[in-house]
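Chemist: Quick one, fold the following:
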Amino acid sequence: MSYKSFLSSKKILFLIPLLLLLPLAPLLFPTQTNAADSALTSVYNRRPDLQKAFDKTTGLAKPNSAAGFLIDLTDWAEQYGWREFSELSEYAPAVYPEPILNSVAAPEVTASAYIVMDKDSGLILAEKNSAAVWPIASITKLMTTTLVLDSGLSLDKVCDVETVDEVGGARLYVSDGATFTLNDLIYATLVGSANNAANAIARATGLDKDDFVEKMNEKAAACGLPHTQYTDPTGIEVTNVSTAREIAKLARQVFSRADFRNYTSTASKTISVISTGETKRLTNTNWLLWKPAYDDIYVMAGKTGYLEESGWNLVTALRPVYKEDSRELIVVVFGASARGDSMNDGNTLAKWAWENYRW
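Modeler: The predicted structure follows:
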């Protein structure tokens with residue numbers, strides 16, 4: 001099926017607390033482990049609409065059902081169920097944004113799909129086509145780097161970049177065998193989006209490519225991302241796919257980490273080639289960090305991605321004011337026609353949310 005086959009659907013969801021028409025859903029397991037799960041099972045068993053939208057055994061949203069952007073039954077409980085059923089109060093966020101009086105619907109943007117999430121509560125504030133499977137391109141590197149950072153390797157480890165790491169696209173222009181610290185190669189992966197750097201850090205774990213990719217997919221499954229599939233560590237392959245909803249969920253996890261925030265909020269970085277003594281200057285592919293047009297927003301983290309088949313993709317964490325951590329948003333944009341469009345779309349959607357919700 002074409003990745004662009006969903007473009008005929010243009011529905012935008014504007015969240016309001018009133019959602020009796022939409023049977024949404026998350027994760028239901030045969031063996032419940034706590035009172036909240038038992039309460040959710042009870043609600044599910046009483047609601048034919050939920051049963052039509054979510055699989056009884058796995059809890060996953062059924063294809064082409066009224067589940068919409070929801071991943072699973074737990075997602076439904078966390079987004080909506082707690083509003084309607086007092087027995088689901090354990091799924092309610094402690095603090096969450098609500099639409100202001102006379103709020104307006106999300107604006108039209110150029111992207112094929114997007115989602116806007118409140119980072120603290122995880123509530124979705126707006127979305128379009130966010131359940132559609134899409135090539136994520138270099139956003140793949142978030143998972144690659146997660147595995148490397150969690151591998152226990154020292155950031156001072158000396159790693160080489162070899163000819164075998166070359167796959168085209170963005171790269172570090174170095175000779176075969178050039179060496180860097182692992183830390184500098186992670187910067188090259190996340191700031192400069194260098195594909196050979198991503199392959200080099202994956203190789204530094206001691207795993208071959210197939211085994212590393214298997215670990216990426218195992219991690220995606222453990223994170224509850226059923227439509228996310230990886231086939232290489234760089235994102236150069238069009239078969240690295242996910243949904244805007246699932247990338248927002250992943251970003252909410254990884255962008256909470258200080259190491260990811262440090263790497264991905266760096267506008268530019270000079271790294272050293274140990275083997276030659278030369279340096280390389282990296283400029284972040286996320287223009288929201290350094291273009292003057294975006295000086296009125298604060299980028300806490302982010303990653304871009306581009307393939308001809310995917311268009312321009314962006315996932316970023318934004319604040320209106322640096323110290324206003326309670327108003328931080330995760331914005332995902334897929335399929336913009338130009339890099340500048342993806343940046344403008346992310347900026348526009350974030351400002352709409354801050355203007356139309358109160359925290």
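
Chemist: right, and the helix or strand after the helix or strand hosting Ala188?
Modeler: Assigned by DSSP states H and E, Ala188 belongs to helix 182-190. Where DSSP H and E defines the elements, the next helix or strand beyond helix 182-190 is helix 195-204.

Chemist: re the thing from before, in terms of secondary structure, what does the helix holding Ala188 contact?
Modeler: On a contact count with 3 or more CB pairs under 8 Å, 6 or more residues apart in numbering; DSSP states H and E, helix 182-190 meets helix 141-149, strand 158-161, helix 195-204, helix 258-264, strand 268-272, strand 279-283. Any C-beta I mention is one placed from the backbone N, CA and C, and that applies to glycine too.

Chemist: Just the CA atoms of that helix, as CSV, please.
Modeler: Provided in CSV are the C-alpha atoms of helix 182-190 (Å, rounded to 0.1, in the frame of the first residue of the first chain):
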residue,chain,number,x,y,z
LEU,A,182,31.6,7.7,21.0
ASN,A,183,30.3,11.0,22.5
ASP,A,184,31.3,12.9,19.4
LEU,A,185,29.7,10.3,17.1
ILE,A,186,26.5,10.6,19.0
TYR,A,187,26.6,14.3,18.4
ALA,A,188,27.2,13.6,14.7
THR,A,189,24.2,11.2,14.7
LEU,A,190,21.7,13.5,16.4
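
Chemist: which residues touch that helix?
Modeler: With contacts defined as CB atoms under 8 Å, 6 or more residues apart in numbering, helix 182-190 is touched by 141, 144-145, 148-149, 153-159, 161, 172, 180, 194, 197-198, 200-201, 204, 260, 263-264, 266, 269, 271-272, 280, 282, 303.

Chemist: Quick one: buried ones out of those?
Modeler: The neighbour count (16 or more other CB atoms under 10 Å) marks 141, 144-145, 148-149, 159, 161, 172, 180, 194, 197-198, 200-201, 204, 260, 263-264, 266, 269, 271, 280, 282, 303 as buried among the contacts of helix 182-190.

Chemist: now the helix holding Ala188 against helix 141-149, angle please.
Modeler: Interaxial angle, helix 182-190 versus helix 141-149 (axes from the mean of the first three to the mean of the last three CA atoms, to 10 degrees): 170 degrees.

Chemist: Show me how far stretch 102-109 is from its chain's centre.
Modeler: Relative to its parent chain, stretch 102-109 has a centroid offset of 22 Å by CA atoms, centre = their mean, to the nearest Å.

Chemist: again, but for stretch 331-347
Modeler: 14 Å.

Chemist: Pull out the buried positions in it.
Modeler: For stretch 331-347, the neighbour count (16+ other CB under 10 Å) marks 331-336, 339, 341-347 as buried.

Chemist: of all the residues you listed, which two lie farthest apart?
Modeler: Using CB to CB, the buried residues of stretch 331-347 reach their maximum pairwise distance at Gly335 and Asn347, which is 16.7 Å.

Chemist: mind listing the helices for the chain?
Modeler: 35-46, 48-53, 73-76, 82-84, 141-149, 182-190, 195-204, 209-222, 244-254, 258-264, 339-356 (DSSP state H).

Chemist: can you dump the C-alpha coordinates of the first one into CSV?
Modeler: I take that to be helix 35-46. Extracted C-alpha coordinates of helix 35-46, given in CSV (Å, rounded to 0.1, in the frame of the first residue of the first chain):
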residue,chain,number,x,y,z
ALA,A,35,-7.3,-2.4,40.4
ALA,A,36,-6.9,0.1,37.5
ASP,A,37,-6.6,-2.7,35.0
SER,A,38,-9.6,-4.5,36.5
ALA,A,39,-11.7,-1.4,36.3
LEU,A,40,-10.7,-0.9,32.7
THR,A,41,-11.6,-4.5,31.8
SER,A,42,-15.0,-4.0,33.5
VAL,A,43,-15.7,-0.8,31.5
TYR,A,44,-14.6,-2.6,28.3
ASN,A,45,-16.9,-5.5,28.9
ARG,A,46,-19.8,-3.1,29.3
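
Chemist: What lies in contact with that helix?
Modeler: Taking CB under 8 Å, 6+ apart as the rule, helix 35-46 contacts 28-29, 32, 50-51, 54, 56, 73-74, 77, 81, 85, 87-88, 90-91.

Chemist: what about burial for those, which qualify?
Modeler: Leu28, Leu50, Gln51, Phe54, Leu73, Thr74, Ala77, Gly81, Phe85, Leu88, Tyr91.

Chemist: is it true that the fifth one touches Gln51?
Modeler: In this case it means Leu73. No: the pair Leu73 / Gln51 is not scored as a contact, 10.0 Å apart, by CB atoms under 8 Å.
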